[in-house]
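S.K.: based on what follows, work out the 3D shape:
(chains A and B)
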Amino acid sequence: MAKSNVLKVEDLHVSYGPIKALRGVSIEVNEGEIVVLIGANGAGKTTLVETILGITHVSAGRIHFMGEDITHKKTEHIVASGICLIPEGRGILPLMSVMENLLLGAHHFKGDPSENLKLIYSLFPVLKERTNQMAGTLSGGEQQMLSVARGLMSAPKLMMLDEPSLGLAPTIVKELFRRIIDLNRAGYTILLSEQNARQALQCAHRGYVFGTGEIVLSGNAQKLVSSSKVQQAYLGGSCE
Amino acid sequence: MEIFIAQLINAIALGSIYALLVTGFNLLVVVGGIFPFAYSHIVVLSMYMCWFAMKVTGNSLLAGILAGVFSGTIFSFITEPIFRPLAKRQAQLGSFIVAMALALILTEVMAQKLNMGIVISIPQNLQGKEALIKFGAATITAGQIATILGSIASFLGFFYLLYRTKQGRAFRAMGQSPFSARLLGIPIVRTRIYSYIIAGLMGGISAIFLAMAIGTASSSH
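M.R.: Predicted coordinates for the structure are as follows:
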């Protein structure tokens, strides 16, 4: 049975003044998938996820989430509708406790956040131990866990992770990708933006390869892993 | 010793007012994203409103207090749209200049238009000069007690809001990182508006306590 479409981006154009950051980008994410966006630094991956969340203004094109047009909606409405972004650099609030950071993740959650907390503590037991600790005093890996956990507090229908492995030790990165797979198995739909192409593709179902501001290749993640073009595009060259 | 205690009480009462003022001011700096030069002017303007309400109601305490508190809140609230585009662009110099201009305008309005520029005298019944506690030559007045208790109640309310409520967490998140707050779905504009309202409320309360403590108000305050 075909899985339902969670996110559909059609012919998206985004500009920063005279600079065209995205040119005709189209992607789809289906329920239960891990979809990865790979490409070199500055290729437009972060712009795409931030545009989906309403942070960046759309010049042209449409974004549909769960069948609803969210192209020009405000970020707070998009977050409330079920998308969360775990940003590059984690975006935790260092002078607030772990618990407060987690509760901020549930800003739009209508139910009882304690149920979500139970799930999060089972996935990330270290956060339970650190619950009253200032978030800024956590290690890099723990901060990344907190950032992911904070996103989960809103019980999102789509999780977007932007460069989650950035600045983490290789062993932590391995652990992080394992957690991403666990989250997907638990039912979360994930859109992952990563420079760590090989590792990201190994955990994903499908992928899109970014050139500079456009998608140059897409398809099944396993096929992309073995594609010689992937390495070329990842390094910023043209695929064609 | 008596004089020392009386002076200490006086210092605590005055210090409480300044602490209230600084709290409202800082809320605008941290959450509102501006440097609110006109904040103290709004407080003095609220003292005028308190005086005016008492004048027209035959020195009604309730009318004076409500007028002071509400006018502080409303004056602060209506300045928000002036600063909104500047805060959005994080134009610190721009907001600095606009705040100074607003302060100058309010000073001129108070100096030229209110009570024909003459210093206003707060009615005695609001000042609370009657001694509640006497020990030797020293006294503690009803105004001082009301200021200290009122300030403590205001701080408790404010810190409860800041540390125990969803809105308070949103304020603190905005103060630390407006970008992270936005990613979490915190409505930036609405949260900024709330910060102006609460800062105005704190300013209005400060205006009442200042009216009690000083007993007069003018554009030069």
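S.K.: for the rest of this, base every contact and every neighbour count on C-alpha atoms.
M.R.: Fine.
S.K.: so what's the closest residue to chain B within chain A up against?
M.R.: Here chain A gets closest to chain B at one residue, residue A:76, 3.9 Å apart by CA to the nearest CA. Neighbour list for residue A:76: B:182, B:183, B:184, B:185, B:186, B:187 [criterion: CA atoms under 8 Å, 6 or more residues apart in numbering or on different chains].
S.K.: give me the domain ranges for chain A.
M.R.: Split into domains by automatic domain parsing, chain A comes to A:1-82+A:157-240, A:92-156.
S.K.: quick one: closest of those domains to residue B:208.
M.R.: domain A:92-156 (33.7 Å; CA to CA).
S.K.: what about the closest one, average pLDDT?
M.R.: Here domain A:92-156 scores 94 as its mean pLDDT.
S.K.: touching chain B at all, that domain?
M.R.: Yes: contact of domain A:92-156 with chain B (CA under 8 Å from any CA of the partner chain) involves A:92, A:93, A:95, A:100, A:104, A:105, A:107, A:108.
S.K.: which one of those residues is nearest to residue A:117?
M.R.: For those, the nearest to residue A:117 is residue A:105 (10.7 Å; CA to CA).
S.K.: leaving aside the residues adjacent along the chain, what's closest to the closest one?
M.R.: residue A:150 (4.7 Å; CA to CA, 6 or more residues apart in numbering or on different chains).
S.K.: ramachandran coordinates for the one you found?
M.R.: phi -60, psi -40 (degrees, to the nearest 10).
S.K.: run a quick neighbour tally on it.
M.R.: Residues near residue A:150, counting by other CA atoms under 10 Å in any protein chain shown, number 28.
S.K.: return the member of the contacts of residue A:76 nearest to chain A.
M.R.: Closest to chain A, out of all of the contacts of residue A:76 and judged by CA to the nearest CA, is residue B:185, at 3.9 Å.
S.K.: thought the closest one was touching residue A:77?
M.R.: Yes: Residue B:185 is within contact range of residue A:77, at 7.3 Å (criterion: CA atoms under 8 Å).
S.K.: out of those two, which sits in the busier spot?
M.R.: Per other CA under 10 Å, whichever of residue B:185 and residue A:77 has more neighbours is residue B:185, with 25 against 17.
S.K.: mind listing what that one touches?
M.R.: When contacts are taken as CA under 8 Å, 6+ apart, residue B:185 is in contact with A:75, A:76, A:77, A:78, A:79, A:80, A:107, A:108.
S.K.: can you list contacts of stretch A:116-136?
M.R.: A:92-99, A:101, A:142-143, A:145-146, A:149, A:152-153, A:155.
S.K.: next one: residue B:132, what pLDDT does it get?
M.R.: 84.
S.K.: on that earlier part again, A helix includes the residue of chain A closest to chain B, no?
M.R.: Yes: checked against DSSP: H, G, I helix; E, B strand; the rest coil, residue A:76 lies within a helix.
S.K.: outside of stretch B:131-139, which residues touch it?
M.R.: B:2, B:3, B:6, B:140, B:141, B:142.
S.K.: to what extent is residue A:193 buried, counted in neighbours?
M.R.: 28.
S.K.: which residues touch residue 200?
M.R.: Answering for chain A, as no chain was given. A:36, A:177, A:192, A:194.
S.K.: can you look at chain B instead?
M.R.: Applying CA under 8 Å, 6+ apart, the residues near residue B:200 are B:24, B:72, B:73, B:74, B:75, B:76, B:77.
S.K.: tell me which element residue B:126 falls in.
M.R.: helix B:124-127 (DSSP states H and E).
S.K.: now find how far off-centre that helix is within its chain.
M.R.: Here the centre of helix B:124-127 is set off from its chain's centre by 19 Å, with CA atoms, centre = their mean, to the nearest Å.
S.K.: in that helix, what counts as buried?
M.R.: Neighbour counts over helix B:124-127 (16 or more other CA atoms under 10 Å in any protein chain shown) mark B:126, B:127 as buried.
S.K.: now the following helix or strand past that helix - C-alpha only, PDB.
M.R.: Downstream of helix B:124-127, the next assigned helix or strand under DSSP H and E is strand B:131-135. C-alpha atoms of strand B:131-135 as PDB (Å, rounded to 0.1, in the frame of the first residue of the first chain):
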ATOM      1  CA  ALA B 131       2.900  57.000  60.800                       C
ATOM      2  CA  LEU B 132       2.000  53.400  61.100                       C
ATOM      3  CA  ILE B 133       4.800  52.400  63.400                       C
ATOM      4  CA  LYS B 134       6.600  54.700  65.800                       C
ATOM      5  CA  PHE B 135       9.700  54.000  67.800                       C
END
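S.K.: low-confidence ranges in chain B?
M.R.: B:221 (pLDDT under 70).
S.K.: at 80 instead, please
M.R.: B:1-2, B:137, B:219-221 (pLDDT under 80).
S.K.: all the helices of it, in order from the start?
M.R.: Secondary structure of chain B (DSSP state H): helices at B:2-27, B:39-56, B:61-88, B:92-112, B:124-127, B:142-164, B:166-176, B:178-183, B:188-214.
S.K.: output these as a markdown table; include the columns distance to residue A:32.
M.R.: Shown next, in a markdown table, are those (distance: least, CA to CA, whole Å):
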| stretch | distance to residue A:32 |
| --- | --- |
| helix B:2-27 | 43 |
| helix B:39-56 | 52 |
| helix B:61-88 | 37 |
| helix B:92-112 | 45 |
| helix B:124-127 | 67 |
| helix B:142-164 | 36 |
| helix B:166-176 | 31 |
| helix B:178-183 | 23 |
| helix B:188-214 | 32 |
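S.K.: low-confidence stretches in chain A?
M.R.: A:1-3, A:228-240.
S.K.: spell out which parts of it neighbour chain B.
M.R.: A:53, A:75-80, A:84-85, A:91-93, A:95, A:100, A:104-105, A:107-108.
S.K.: what about these, which are in helices?
M.R.: Those of the residues of chain A next to chain B lying in helices (DSSP H): A:75, A:76, A:77, A:78, A:79, A:80, A:100, A:104, A:105.
S.K.: follow-up on the earlier one: which of the contacts of residue A:76 are buried?
M.R.: Using 16+ other CA under 10 Å, the buried ones in these are B:182, B:183, B:184, B:185, B:186, B:187.
S.K.: which residue sits closest to the third one, ignoring its sequence neighbours?
M.R.: In this structure, residue B:184 finds its nearest non-sequential neighbour in residue A:105, 6.0 Å apart by CA to CA, 6+ apart.
S.K.: cool, the fifth one as well?
M.R.: In space, and not counting its chain neighbours, residue B:186 is closest to residue A:76: 5.9 Å by CA to CA, 6+ apart.
S.K.: check the first one too.
M.R.: Closest residue in space to residue B:182, ignoring its immediate chain neighbours: residue B:188 at 6.5 Å, by CA to CA, 6+ apart.
S.K.: report the contact partners of residue A:89.
M.R.: A:163, A:164, A:166.
S.K.: ok, so of those residues, who is nearest residue B:164?
M.R.: Closest to residue B:164, out of all of the contacts of residue A:89 and judged by CA to CA, is residue A:164, at 30.7 Å.
S.K.: so the closest one makes contact with residue A:85?
M.R.: No: the criterion here is CA under 8 Å, and residue A:164 misses it with residue A:85 at 10.7 Å.
S.K.: more crowded one of the two?
M.R.: residue A:85 (29 against 26).
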